[in-house]
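S.K.: this one's sequence-less:
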């Protein structure tokens, strides 16, 4: 699958999500609005990733910086809804940045290595945070409130993308060429679904309830 085409599809989904988000801005809760801003940052980041791949033949530096950054932004958006766990997840941001520094310094230098250790770590933490978030939503709100007034669908998108990233990165080094190509396709589709979850979530929002 052509890298330019897959990137264009991904950017189109992001632009569509941003457009819907701002068109329905008055119906968004504070958390949804924070996710809209995260989507803006993601759009700029995805464009930068493509440019780096085109001009420098790899985008390892991008992942070394943006993976911890996206983890921080998503965690800050989810943390207020994690009950007793919110402090722990906020502190985990500091841990991730420290781990990212030492990983880049001693294990996987950005000049020639993808930071798979940090990607796997942030995926695991995101899985935990999202599961806590979804559990809290169903504990505090009805089904209709959960899917129409909160960030449920975005959380599902984060969960699926994190699981697929974690599993595929773990399998990648043990697969042959055909298997690695299939892993790449899985990651591409999971990214489309991840950004598509923003489109679904913003589209379904009804009048915001106080948070």
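M.R.: Yep, it's here. Not measured: the values here are computed from a predicted model. Numbering: from 1, shown residues only.

S.K.: any idea how far residue 152 lies from residue 114?
M.R.: Residue 152 sits 31 Å away from residue 114, going by Cβ to Cβ, to the nearest Å. In short, each C-beta sits where N, CA and C put it, glycine included.

S.K.: So which of those two has more stuff around it?
M.R.: A count of neighbours by other Cβ atoms under 10 Å puts residue 152 above the other of residue 152 and residue 114, at 22 against 18.

S.K.: Leaving out the residues flanking it, which one is nearest to the more buried one?
M.R.: The spatial neighbour of residue 152 that comes closest, neighbours along the chain excluded (Cβ to Cβ, 6 or more residues apart in numbering), is residue 146 at 5.1 Å.

S.K.: was I right about that neighbour contacting residue 138?
M.R.: Yes. Between residue 146 and residue 138 a contact is recorded at 6.3 Å, counting by Cβ atoms under 8 Å.

S.K.: Poorly predicted segments of this protein, please.
M.R.: Within the chain, the segments meeting pLDDT under 70 span 1, 170-180, 208-211.

S.K.: which ones are touching the residue nearest the centre of it?
M.R.: Nearest to the geometric centre of the chain sits residue 158, at 5.3 Å (Cα atoms, centre = their mean). By Cβ atoms under 8 Å, 6 or more residues apart in numbering, residue 158 lies in contact with 74, 126, 130, 194, 197.

S.K.: Check the gap between it and residue 152 for me.
M.R.: In this view, residue 158 and residue 152 are 11 Å apart by Cβ to Cβ.

S.K.: Residue 127 now?
M.R.: Counting by Cβ to Cβ, the gap from residue 127 to residue 152 is 16 Å.
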